[in-house]
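> give me the fold of what follows.
(one chain, ligands or ions: 1)
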Amino acid sequence: MTGKKANGSCNVAKNTSNDSDNENRNVYYAMEKPTYAYDDIKAIADYLMERTPVRPKIGIICGSGLNSLADSITNTQSFDYENIPNFPVSTVEGHVGRMIFGYLENMPVMAMQGRFHYYEGYPLAKCSMPVRVMKLMGVQYLMATNAAGGLNPKYKVGDIMIMRDHINMMGFAGNSPLQGPNDPRFGPRFPPMTNAYNAHLISVAHKMAKEMGISHEVHEGVYTCLGGPNYETVAELKMLRILGVDAVGMSTVHEVITARHCDMTVFAFSLITNIGALEYDSSEDEANHEEVVMVGKSRQSICGQLMCRVIKEIAKECQTK
Ligand SMILES: O=P(O)(O)O[C@H]1O[C@H](CO)[C@@H](O)[C@H]1O
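Numbering: from 1, shown residues only. So this is what the prediction gives:
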């Protein structure tokens with residue numbers, strides 16, 4: 001990785017092996033918002049693989065206040081984002097900014113303690129670039145978590161919403177992590193999203209929630225990601241509810257799109273950290289990030305247990321394959 005600025009500003013191309021790579025690179029670097037070419041992502045994956053013996057099958061993304069989902073990982077190696085060449089850095093409170101490798105339920109995993117959001121100033125392709133690093137390191141399953149505001153009237157603060165689907169509002173506005181030249185080494189130009197969230201893992205999660213005795217606080221619903229960083233107005237939340245949104249946040253959708261593009265199996269859930277105010281004189285407090293992180297911390301143990309149980313099932317299924 002020569003001739004590059006730190007933190008992913010890839011504005012000087014290095015020599016590549018063939019003409020089509022060079023052509024692709026020229027388009028990348030001509031774009032107003034430079035993103036990562038295949039070789040840039042491969043270099044990050046190689047850097048990590050040279051420094052950890054773990055060959056992860058599962059990639060985990062910890063949402064706001066949910067860093068400790070990674071605490072049960074054993075035999076760990078960790079890398080601060082700022083020390084990984086050309087990696088973005090986390091700027092949001094509640095996101096540590098560290099990549100952890102190790103084992104959970106005997107499965108090799110890598111976990112991001114901290115993700116990247118559009119409102120931090122990163123283009124969507126950069127926000128979800130680590131998912132492609134995961135892919136190049138061998139990850140087959142993405143387990144994403146987030147903190148979200150509840151819109152479904154049945155939801156309470158502290159509940160978990162297993163993501164059944166999403167509405168890509170930012171995509172409606174023409175913003176996608178897959179924008180720009182498509183590299184078929186990751187996936188097709190026009191990937192389907194019908195089965196973005198794996199139905200089998202959703203049913204496994206319900207079964208695990210039942211075993212844990214928490215079914216009454218675990219739902220299944222539709223998430224949407226807005227650009228943030230401001231929380232939503234009452235009119236916006238009412239509109240989202242009419243559209244069928246159950247929980248709203250500022251992340252995850254672009255990660256899931258990137259993961260499905262490269263054919264990963266996706267499981268994701270939201271922790272409902274606050275309830276969206278659908279009336280001006282609502283009794284709900286105005287949303288604030290301190291509360292989001294506080295609720296995340298208070299529920300991370302239960303979220304971690306649910307995730308570990310789902311991973312245990314994946315481990316069992318991998319053994320019998
Ligand atoms: O989605 P995660 O990263 O969990 O964080 C959520 O919490 C923050 C707002 O409080 C936003 O970043 C929103 O996306």
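> what's the local residue count around A235?
10 (other CB atoms under 10 Å). Where you see a C-beta, it was placed from the backbone N, CA and C, and this is true even at glycine.
> residues contacting whichever strand or helix holds it, please?
Using DSSP states H and E, A235 maps to helix 234-243. With contact meaning CB atoms under 8 Å, 6 or more residues apart in numbering, helix 234-243 is reached by 149, 151, 167, 224, 226, 232, 248, 276-280, 282.
> flag every buried residue along it.
Neighbour counts over helix 234-243 (16 or more other CB atoms under 10 Å) mark 237-238, 240-241 as buried.
> distance between that helix and the chain's centre?
Remark: helix 234-243 is offset 24 Å from the chain centroid, using CA atoms, centre = their mean, to the nearest Å.
> about what we covered before: point out the least confident one among the contacts of helix 234-243.
Among the contacts of helix 234-243, S282 has the lowest pLDDT, at 77.
> where do the strands sit along this structure?
58-62, 74-80, 98-104, 107-113, 141-150, 160-167, 218-225, 247-249, 265-275 (DSSP state E).
> mean neighbour count and distance to I311 added to these, as JSON lines?
Converted to JSON lines, the strands of the chain look like this (neighbours: other CB atoms under 10 Å; distance: least, CB to CB, whole Å):
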{"stretch": "strand 58-62", "mean neighbour count": "28", "distance to I311": "6"}
{"stretch": "strand 74-80", "mean neighbour count": "14", "distance to I311": "13"}
{"stretch": "strand 98-104", "mean neighbour count": "22", "distance to I311": "5"}
{"stretch": "strand 107-113", "mean neighbour count": "24", "distance to I311": "6"}
{"stretch": "strand 141-150", "mean neighbour count": "26", "distance to I311": "7"}
{"stretch": "strand 160-167", "mean neighbour count": "21", "distance to I311": "15"}
{"stretch": "strand 218-225", "mean neighbour count": "22", "distance to I311": "17"}
{"stretch": "strand 247-249", "mean neighbour count": "26", "distance to I311": "22"}
{"stretch": "strand 265-275", "mean neighbour count": "25", "distance to I311": "9"}
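> near the ligand, which residues of the protein?
Within the chain, the positions lying close to the ligand (CB under 6 Å from any ligand atom) are 63-64, 92, 115, 117, 146-147, 228, 249-251, 289, 292.
> tell me which residue of the stretch 51-200 of the chain lies closest to the ligand.
Nearest residue of the stretch 51-200 of the chain to the ligand, counting by CB to the nearest ligand atom: G63, 2.8 Å away.
> need phi/psi at that residue.
G63 adopts backbone torsions of phi -80, psi -180, taken as degrees, to the nearest 10.
> which ones are touching it?
Each residue near G63 by CB under 8 Å, 6+ apart is listed here: 115, 144-147, 251-252, 270-271, 296.
> can I get those in TSV including pLDDT?
Compiled in TSV, the contacts of G63 are given as follows (pLDDT from 0 to 100):
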residue	pLDDT
R115	96
A144	97
T145	97
N146	97
A147	97
S251	98
T252	98
S270	98
L271	97
G296	94
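> mind putting the residues you listed into CSV with distance to G102?
Converted to CSV, these look like this (distance: CB to CB, whole Å):
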residue, distance to G102
R115, 19
A144, 18
T145, 18
N146, 22
A147, 24
S251, 24
T252, 23
S270, 25
L271, 23
G296, 22
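> how far does stretch 231-250 sit from the chain's center?
Remark: stretch 231-250 is offset 20 Å from the chain centroid, using CA atoms, centre = their mean.
> so, low pLDDT: which residues of the stretch 101-250 of the chain?
Along the stretch 101-250 of the chain, no part satisfies pLDDT under 70.
> for G304, which non-adjacent residue is spatially closest?
Spatial nearest neighbour of G304, excluding adjacent residues (CB to CB, 6 or more residues apart in numbering): L69 at 4.8 Å.
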